[in-house]
Structure formats: C-alpha cells, structure tokens
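Engineer: A structural model of the following input is requested.
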Amino acid sequence: MKTIYLKNRFEVGEKLLGTFLDDSHYDILIQEDCDVYKPIPPTDKNPNLEDYLLLKFRKGVFSPEMQVTAYQSLREAAGESQNRGIAAGPRTEKSTGRDWVTLLQEKVLETLSGTMTTVTSDNPVDDMYVKYKNSTEVGSRGSVWLTQKRPKDFDFDVWAHSVKNLSPNERLEEVEKIYDWISDTSYANPVNSGIAGYFDRYPRIPYCRTTSYSTNHNDKFKASIPFIERISELFKELIPGRWEVQNREVLKLDPSFRIGNSAYTTITVNKTYRTAAHRDAGDLKEGFGNLSVVSNGVPYTGAYLVFPEFRAAVDVQPGDVIMMDVHEIHGNTSIGGEGERISVVCYMREKMADCKSKAYEDTRYNFVENRRLNNKHPLWHERWNGVSKGMWETEEWYKYLVDNGLHEYAAQIEDNIYGKKAGVLDI
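Structural biologist: Reported below is the predicted structural model:
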C-alpha cells in the first residue's frame with residue numbers, strides 16, 4: 001500500500017468552481033491502494049494524521065455479487081435533477097427550454113430595487129451595462145424566466161432603460177412585476193443524480209423524512225443496505241477517528257433515520273454524471289466523505305476524480321472505495337464509452353441532528369398536509385403548501401400535538417403558546 005505526503009497546495013482560485021476539470025489539472029494519477037495526506041506544516045511537531053488526510057483509496061473491496069445488487073438497487077435513484085448547483089457544470093444557453101436570468105439582468109434588478117448596497121454612481125444601471133455588457137454568464141441564483149408569464153415581446157434592456165429614471169417607489173413597483181416573471185426555484189444543468197435514505201427539514205418541507213426513492217422503492221433500497229453497511233465498515237477500519245465522531249452523531253438520531261447499521265443517514269447516487277469542480281455541502285463537517293462506484297459491466301473511460309489544489313487524481317473503478325475530504329475542491333474528468341457508471345456517496349446530513357422522533361416528524365408532515373388540503377383553513381389559497389411563518393408556535397399546532405398523543409412535545413411549547421414567555425420560531 002502506497003502513502004503520499006504532499007508537499008504543496010496550489011491556489012487555484014474560486015473561479016475554478018463550476019468548471020469542468022481535465023488532464024491538465026493533475027500530475028499524479030492514483031490507480032492502486034493509497035493514502036494521501038495534505039502538506040503538514042513543520043510547526044506541527046506531533047500531527048494527528050487524520051487531520052491532514054486528503055483521501056484513502058482501496059481497490060476491489062466489494063464482491064461481484066454485492067456490486068450487481070447495489071447497481072440494480074440504486075441506479076433508479078439517479079433521476080434527472082436540476083438542483084446540483086455548480087457541480088452540474090457551466091450552465092448552457094437554456095434550462096430545459098427556458099431562458100436563464102443572466103448575471104447582467106440579475107445585477108440590474110438588484111440595482112433598480114435598491115438592494116445593490118455597494119452602488120455609489122449617479123448612473124448605476126448604466127454602470128451595470130458597462131461592467132457586464134460582454135457577459136453571457138448565468139446569474140448566481142440560477143433562476144429562469146417563466147415563459148408562461150413573461151410576454152413574448154418583452155425586451156429586458158429596453159425595459160431597464162425606460163424605468164431607471166423613475167422614482168424609487170415606481171422603480172420598485174416595476175421590479176416586483178418583473179420578479180413575478182422569474183421562477184423562485186434555483187436551477188442547474190439537468191444531470192442524472194438523486195438521493196436515497198433520509199433528509200432533514202427545510203422551510204418548504206419542514207419535517208425530517210424518508211426520501212421519495214426510499215419510500216417508493218423500499219424493497220430495492222433495503223437490498224442496497226448491505227453494500228452501504230460495508231462502506232461504513234471500511235470507513236471504521238480506515239479512518240477510525242472520523243468514523244467514531246460521525247457514528248456517535250448518527251446514534252443520537254431516531255433509528256428510523258439511520259441507514260441500516262451504518263454511520264450514514266443519506267446517500268447521493270449519480271449516474272454517468274461528470275461533476276464540475278465543487279465542494280460538498282450539507283454533510284457532517286467532522287465526518288468524512290465515502291464514495292464507491294458500481295456499473296452495468298460495460299467498460300467506460302475517464303471519470304477520474306481530481307483534486308486540483310493538490311494536482312492529484314484517482315481512477316475509481318467499479319468495486320473500489322475512496323474516503324475523501326469532500327470540502328476540498330474536486331470534480332471528474334470526462335466520461336467516455338458505453339458503460340453506465342453509478343457513483344454512490346454516503347454521508348450524514350449535518351442538519352439531521354435537528355430531527356426529533358420519527359413519530360414527531362411524521363406528525364409535522366401530517367399537520368402540513370392537513371393544512372394544505374383544507375380549503376376552509378383561514379390561510380388557504382391556491383397552490384398553498386401548508387406552511388406559514390410561526391406555525392410551530394401556534395395554538396393550532398399545540399392542539400394537533402395533543403390530539404395525536406404527543407403530549408411531551410406539546411408541553412415544550414405550552415408556555416410559549418399561552419404567553420408565559422416569548423416564542424421561538426422553528427421552521
């Protein structure tokens with residue numbers, strides 16, 4: 001087994017993020033069992049090597065039978081997705097037939113609405129056109145124009161110059177009209193990627209839950225668990241300190257939010273998807289990224305996993321496993337051939353730590369759904385998702401908890417509901 005202690009870290013700059021990596025971004029190609037460490041500063045006289053670990057790579061650690069089962073169980077989890085952000089690569093001219101909101105348009109709207117706080121010029125809109133006139137870059141939000149709302153003859157440039165001299169209130173009114181023609185959802189290039197296992201709350205879906213793939217394909221998901229547990233065993237064997245921290249956090253959760261007996265809550269499944277340069281987010285920072293690859297048995301080429309700041313790449317083939325620092329910039333080289341490459345990334349979602357019991361999270365789901373479907377609810381309106389600000393500090397929620405036998409959770413908010421102390425929003 002080979003060990004590499006890197007001597008240099010190269011500053012590649014944030015501009016590399018979102019771009020595709022190729023053979024020019026690495027000098028070392030790892031194709032054998034190997035541990036790789038980042039540069040250790042000479043001031044650290046007694047280093048904990050796990051603190052400097054970039055990756056550990058092991059070849060052929062899964063039996064052919066386990067690989068086939070994992071492939072058959074997980075490939076359908078990688079459906080078409082547009083929520084992979086910069087990892088999906090440079091945005092193309094259109095997003096599934098819809099025009100992107102360009103960086104210029106985004107900056108002009110911010111300027112006209114008064115949210116561009118750094119503007120000091122007397123002609124800030126004109127300044128935006130000078131600064132971004134040659135830019136075809138998509139705006140940072142990854143938004144698209146809603147074709148069913150935006151008039152076909154709408155010319156953004158003509159509109160911007162026609163409203164720039166209006167009063168602040170008139171400009172704001174015009175900008176709000178335009179924002180209504182832009183999707184609230186952020187998009188990226190469509191790629192074949194999805195998640196399985198369990199997911200934490202966020203504002204639009206304010207309950208911890210089983211992912212749709214694991215719900216709708218439960219038998220297949222269960223069949224993949226021995227493969228996932230094996231990755232966790234290798235994690236424990238190869239990086240025991242990081243495994244211990246992550247496993248301890250997973251064990252604090254309701255067992256229903258743990259994948260088998262592994263140290264994971266969630267997996268991301270990618271199908272023949274060349275990731276652009278990116279850093280992972282949402283995983284437990286004290287843990288470590290664990291990735292393996294399976295395939296349909298047909299050869300493919302490329303797909304080297306590159307760490308450009310360290311000029312190193314790894315040839316992860318079906319049946320191999322890599323433990324890696326996913327918070328360092330990484331991405332894949334191009335993928336060729338007819339083979340189907342399925343990468344499986346296992347991790348703990350950091351915000352899963354906020355999840356309470358499965359019964360409580362299911363009750364949150366039922367509460368939201370009952371509100372959404374109740375057209376007699378005082379807040380109901382067309383396309384309402386059942387969510388409203390401060391809903392978890394209302395008498396309505398308190399009574400719902402009591403009616404469903406969750407008296408312990410009701411007691412935790414009782415004082416807030418009935419005015420004995422200030423409430424705390426929990427959305």
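Engineer: every contact and neighbour count from this point should use C-alpha atoms.
Structural biologist: Fine.
Engineer: now Thr268: which helix or strand?
Structural biologist: Under the criterion of DSSP states H and E, Thr268 resides in strand 266-271.
Engineer: for that strand, list the C-alpha coordinates in CSV.
Structural biologist: C-alpha atoms of strand 266-271 as CSV (Å, rounded to 0.1, in the frame of the first residue of the first chain):
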residue,chain,number,x,y,z
THR,A,266,-28.2,9.7,3.3
ILE,A,267,-26.7,8.7,0.1
THR,A,268,-26.3,10.6,-3.2
VAL,A,269,-26.5,8.5,-6.3
ASN,A,270,-25.0,9.8,-9.6
LYS,A,271,-25.4,8.1,-13.0
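Engineer: what's the average pLDDT for the following helix or strand past that strand?
Structural biologist: The helix or strand immediately downstream of strand 266-271 is strand 289-295, counting by DSSP H and E. On average, the pLDDT along strand 289-295 is 96.
Engineer: so which elements touch strand 289-295?
Structural biologist: Under the contact criterion of 3 or more Cα pairs under 8 Å, 6 or more residues apart in numbering; DSSP states H and E, strand 289-295 touches helix 64-74, helix 218-238, strand 321-324, strand 341-347.
Engineer: buried stuff in the next helix or strand after the second one?
Structural biologist: In this case it means helix 218-238. Downstream of helix 218-238, the next assigned helix or strand under DSSP H and E is helix 240-251. Buried residues in helix 240-251, counted by 16 or more other Cα atoms under 10 Å: 241-244, 246-247, 249-250.
Engineer: if we can go back for a sec, got a markdown table for the helices and strands packed on strand 289-295, with mean neighbour count too?
Structural biologist: As requested, the helices and strands packed on strand 289-295 are exported to a markdown table (neighbours: other Cα atoms under 10 Å):
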| stretch | mean neighbour count |
| --- | --- |
| helix 64-74 | 19 |
| helix 218-238 | 18 |
| strand 321-324 | 24 |
| strand 341-347 | 25 |
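Engineer: before we move on, the earlier item: partners of the strand holding Thr268, with directions?
Structural biologist: Applying DSSP bridges to the sheet, strand 266-271 is found paired with strand 191-199 (antiparallel), strand 341-347 (antiparallel).
Engineer: centre of the chain versus the shortest one, how much separation?
Structural biologist: Right, the one you point to is strand 341-347. Distance of strand 341-347 from the chain centroid (Cα atoms, centre = their mean, to the nearest Å) equals 14 Å.
Engineer: now do that strand: everything it contacts.
Structural biologist: Contact partners of strand 341-347, identified using Cα atoms under 8 Å, 6 or more residues apart in numbering, comprise 71, 75, 228, 263-273, 283-284, 287-296, 300, 318.
Engineer: show the buried residues in those residues.
Structural biologist: Burial by neighbour count, 16+ other Cα under 10 Å: within the contacts of strand 341-347 this picks out 71, 75, 228, 263-273, 283-284, 287-296, 300, 318.
Engineer: how near is Leu109 to Asp99?
Structural biologist: Leu109 sits at a distance of 16 Å from Asp99 (criterion: Cα to Cα, to the nearest Å).
Engineer: show me which of the two is the more surrounded one.
Structural biologist: Using other Cα atoms under 10 Å as the criterion, Leu109 and Asp99 rank with Leu109 on top: 22 against 16.
Engineer: apart from its chain neighbours, what residue comes closest to that one?
Structural biologist: In this structure, Leu109 finds its nearest non-sequential neighbour in Val175, 6.5 Å apart by Cα to Cα, 6 or more residues apart in numbering.
Engineer: for the one you found, give me its contacts.
Structural biologist: Shown in contact with Val175 (Cα under 8 Å, 6+ apart): 109, 112-113.
Engineer: in the helix or strand containing it, what counts as buried?
Structural biologist: Using DSSP H and E, Val175 sits within helix 168-179. Buried residues in helix 168-179, defined by neighbour count with 16+ other Cα under 10 Å: 171-172, 174-175, 178.
Engineer: hang on, the earlier thing: could you dump the helices and strands packed on strand 289-295 into TSV and include mean pLDDT and distance to Lys358?
Structural biologist: Formatted as TSV, those follow (pLDDT from 0 to 100; distance: least, Cα to Cα, whole Å):
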stretch	mean pLDDT	distance to Lys358
helix 64-74	97	24
helix 218-238	98	17
strand 321-324	98	30
strand 341-347	96	20
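Engineer: residues contacting Trp397?
Structural biologist: Per Cα under 8 Å, 6+ apart, neighbours of Trp397: 367, 391.
Engineer: contacts for stretch 177-184 next, please.
Structural biologist: Applying Cα under 8 Å, 6+ apart, the external contacts of stretch 177-184 come out as 101, 143-147, 149-150.
Engineer: picking up where we left off before, Phe257: which of the contacts of Val175 is nearest?
Structural biologist: When the contacts of Val175 are ranked by distance to Phe257 (Cα to Cα), Leu109 comes first, at 42.1 Å.
Engineer: that closest one belongs to a helix, doesn't it?
Structural biologist: Yes: counting by DSSP: H, G, I helix; E, B strand; the rest coil, Leu109 is part of a helix.
Engineer: so it versus Glu176, what's the distance?
Structural biologist: Separation of Leu109 from Glu176 (Cα to Cα): 9 Å.
Engineer: alright, calling it a day.
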